[in-house]
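Student: Build me a structure from this.
(one chain, ligands or ions: 1)
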Amino acid sequence: MTDKPTAAGGRSPGRPARPADGRAVAAALFVDLGESRGDQWIRQPRARYECLRCRTAEGPVHGQAAVANFTRSIKAEHHSRCTAIQEHSS
Ligand SMILES: [Zn+2]
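Tutor: A predicted model of the protein is given here:
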């Protein structure tokens, strides 16, 4: 019997642990999936993107299509106009 520490751990999969290499969180995407009953929205989905580099918030956007589009493109979109990134990568 070897007495090595467990590599598997007890963490739930699919939830990234905090980066161990010292990288800071640069941005956060908040998505509220909303609440629907049948085809009626009780609470519209919404999404918001916060860049911690330039301290800018994008959105929020409301509605299923807008949220889907937002979550798909906002990262690249903001990246292209993020003042903090522009300063470091010119
Ligand atoms: Zn930014």
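
Student: low-confidence ranges in this structure?
Tutor: 1-23, 87-90 (pLDDT under 70).

Student: quick one: the strands in it?
Tutor: Assigned by DSSP state E, the chain shows strands spanning 27-32, 35-37, 40-43, 46-51, 56-62.

Student: Reformat these as JSON lines; add distance to the ion and mean neighbour count.
Tutor: In this view, the C-beta of every residue, glycine as well, is placed from N, C-alpha and C. Shown next, in JSON lines, are the strands of the chain (distance: least, C-beta to the ion, whole Å; neighbours: other C-beta atoms under 10 Å):
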{"stretch": "strand 27-32", "distance to the ion": "7", "mean neighbour count": "14"}
{"stretch": "strand 35-37", "distance to the ion": "30", "mean neighbour count": "10"}
{"stretch": "strand 40-43", "distance to the ion": "28", "mean neighbour count": "10"}
{"stretch": "strand 46-51", "distance to the ion": "3", "mean neighbour count": "19"}
{"stretch": "strand 56-62", "distance to the ion": "5", "mean neighbour count": "16"}
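
Student: what's the biggest helix by length in the chain in contact with?
Tutor: Counting by DSSP state H, the longest helix found in the chain is helix 64-81. Residues outside helix 64-81 that contact it (C-beta atoms under 8 Å, 6 or more residues apart in numbering) are 27, 29, 31, 34, 44-47, 49, 51, 56, 58-59, 61, 85.

Student: Could you rerun that using 6 Å?
Tutor: 31, 45, 47, 49, 51, 58, 61 (C-beta atoms under 6 Å, 6 or more residues apart in numbering).
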